[in-house]
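Undergrad: Just need the structure, nothing else, for what follows:
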Amino acid sequence: MDLDLFSRCCILDLDLSCGEANAASGMAVHDECKIKFLELKAKRTFRYIIFKIEEKQKEVIVEKVGEPTQSHGDFAAALPTAECRYAVFDYDFVTEENCQKSRIFFIAWSPDTARVRNKMIYASSKDRFKRELDGIQVELQATDPTEMDLDVFKSRAN
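TA: Reported below is the predicted structural model:
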């Protein structure tokens, strides 16, 4: 069965007028997402936050938080291997001038092993969700762990 673009978009519930999926414009963001992000940003209460889209509720929720003592390795290990997620990571580093600094990274995790539908939902909702988190300094798109390893964080932080 050969479908034209319009038919495929209707099947996938895409809105051609704005170029985004209806799921993106109708995707709610649970208040806890914003609250936890503000705590990470202002109080440094967490090292990272992993967010998950609950498809049935059409809502982004907090799935997991990492304590301030947790490492980049702990964060990477907390991401699922076959499902997409959004995440923020508070990356601490020391500049060449020996100044302690921090950058808040937004990571769009979309592993190659994730289902196509899962990838599409996360991709179409990303920009709207990211706008809810005021204070993101660096964005990473990662499809496998090497695209967000510590060296990538180091190179993108400056």
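
Undergrad: Please count neighbours and contacts with C-alpha atoms only from this point.
TA: Fine.

Undergrad: Determine the three-state secondary structure at the most centrally placed residue in the chain.
TA: With distances taken as Cα atoms, centre = their mean, residue 86 lies nearest the centre of the chain, 2.0 Å away. Each residue gets one of three states, and residue 86 gets strand by DSSP: H, G, I helix; E, B strand; the rest coil.

Undergrad: for residue 90, same thing?
TA: The local conformation at residue 90, judged by three-state DSSP, is strand.

Undergrad: how much space is there between the residue nearest to it when sequence neighbours are not counted and residue 65?
TA: Leaving out its chain neighbours, the residue that sits closest to residue 90 by Cα to Cα, 6 or more residues apart in numbering is residue 104, at 4.7 Å. With the distance defined as Cα to Cα, to the nearest Å, residue 104 ends up 14 Å from residue 65.

Undergrad: Give me the longest helix you can find in the protein.
TA: When secondary structure is assigned using DSSP state H, the longest helix within the chain turns out to be helix 116-132.

Undergrad: buried ones in the helix or strand just after it?
TA: Heading C-terminal from helix 116-132, the first helix or strand you meet, by DSSP states H and E, is strand 138-142. Neighbour counts using 16 or more other Cα atoms under 10 Å place 138, 140, 142 of strand 138-142 among the buried residues.
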